[in-house]
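>>> got a structure for you, letters missing:
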């Protein structure tokens, strides 16, 4: 069971890193086509009712599973920041180039200080993303820890086009947790899947079904094809959903994958006004299951 858990967690780690780096590795020149955030976060933001304009976005994502080599905890915490030199609608797609923000860091409720690293995407024009995603066996950086109902501080030193900021936000009182199926890996599965979860009441939930990356030793994982996945948005949710056998079969056939990755996630958004400008803080938590089809 320990070996199976290791496979499940490593697959999740690979998917999360690839999702976070889609924009960094893109060769597209149309900025509106670039996904600056992972698909689930983008989908949940798109159904937010408030049409808020602002100058920056800070995102913190926590998943309930973590690579066993990262501090031996059960939590994968990543962060991202983007700043704009003019006011934009804080919903995807983001068709305005992002700018230098200076030094960007997050201080957790436990007093940890996590520095986000400046990245540049590979397409024409200046487009900058700050992220904390490089941790595990290849670096001494730590995952961003999570504490429910606790204060986290976000700071930027600023630049010629972006101000120095200090924002304090409070995390939701719970993370998303899948209750059923209880097994992290469903072996030789056939038929539908009845999902149930615990999450903050009264807020939408997303269910993302996609092929699982399971590269062989010495091989790189394949690219993430969004057309091979399915995003289910539940604006009104009661903690249950049935994934049909047809849905699982269609994704498996399109991607030629026999192992699927199911995520259930929820978003929590805070907007801050400072010196006449608005900045958005997004917090997302998710739980996961791997399904090995019969």
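Everything's here; your move. Remember, it's a predicted structure, so these values are computed and weren't measured experimentally.

>>> show me what counts as buried in the helix or strand where residue 271 lies.
According to DSSP states H and E, residue 271 maps onto strand 259-274. Neighbour counts using 16 or more other C-beta atoms under 10 Å place 259, 260, 261, 262, 263, 264, 265, 266, 267, 268, 269, 272 of strand 259-274 among the buried residues. Any C-beta I mention is one placed from the backbone N, CA and C, and that applies to glycine too.

>>> would JSON lines of the residues you listed with distance to residue 91 be doable?
Formatted as JSON lines, those follow (distance: C-beta to C-beta, whole Å):
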{"residue": "259", "distance to residue 91": "33"}
{"residue": "260", "distance to residue 91": "28"}
{"residue": "261", "distance to residue 91": "26"}
{"residue": "262", "distance to residue 91": "25"}
{"residue": "263", "distance to residue 91": "21"}
{"residue": "264", "distance to residue 91": "22"}
{"residue": "265", "distance to residue 91": "17"}
{"residue": "266", "distance to residue 91": "17"}
{"residue": "267", "distance to residue 91": "12"}
{"residue": "268", "distance to residue 91": "16"}
{"residue": "269", "distance to residue 91": "11"}
{"residue": "272", "distance to residue 91": "17"}
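
>>> which one of the residues you listed is nearest to residue 171?
Nearest to residue 171 among those, counting by C-beta to C-beta, is residue 268 at 7.5 Å.

>>> quick one: contacts for the closest one?
Listed by C-beta atoms under 8 Å, 6 or more residues apart in numbering, the contact set of residue 268 reads 171, 172, 200, 203, 282, 283, 284.

>>> relative to residue 173, how far out is it?
According to C-beta to C-beta, to the nearest Å, residue 268 stands 10 Å off from residue 173.

>>> and if you look at residue 266?
Distance from residue 266 to residue 173, by C-beta to C-beta: 12 Å.

>>> now the common contact residues for the two.
What both residue 266 and residue 173 touch, as defined by C-beta under 8 Å, 6+ apart, is the set residue 200.

>>> any idea which of the buried residues of strand 259-274 is closest to residue 108?
Nearest to residue 108, judged by C-beta to C-beta, of the buried residues of strand 259-274 is residue 268 at 15.9 Å.

>>> quick one, helices of the stretch 101-250 of the chain?
245-255 (DSSP state H, counting those that start in this stretch).

>>> which residue ranges form the strands in it?
For the stretch 101-250 of the chain, applying DSSP state E, counting those that start in this stretch gives strands covering 104-107, 113-120, 128-132, 151-156, 165-170, 177-180, 185-189, 193-198, 205-211, 230-234, 240-243.

>>> can you lay out the ones you listed as CSV showing mean pLDDT?
Listed next are the strands of the stretch 101-250 of the chain as CSV, based on pLDDT from 0 to 100:
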stretch, mean pLDDT
strand 104-107, 96
strand 113-120, 87
strand 128-132, 88
strand 151-156, 97
strand 165-170, 97
strand 177-180, 96
strand 185-189, 91
strand 193-198, 97
strand 205-211, 95
strand 230-234, 96
strand 240-243, 97
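
>>> could you export the buried residues of strand 259-274 as CSV, including pLDDT and distance to residue 92?
Shown next, in CSV, are the buried residues of strand 259-274 (pLDDT from 0 to 100; distance: C-beta to C-beta, whole Å):
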residue, pLDDT, distance to residue 92
259, 90, 28
260, 92, 25
261, 91, 22
262, 94, 23
263, 94, 18
264, 97, 20
265, 96, 16
266, 96, 17
267, 94, 13
268, 93, 17
269, 93, 13
272, 96, 20
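
>>> so the host helix or strand of residue 77 versus strand 151-156, what angle?
Using DSSP H and E, residue 77 sits in strand 76-89. Using axes from the mean of the first three to the mean of the last three C-alpha atoms, to 10 degrees, the inter-axis angle of strand 76-89 relative to strand 151-156 is 60 degrees.
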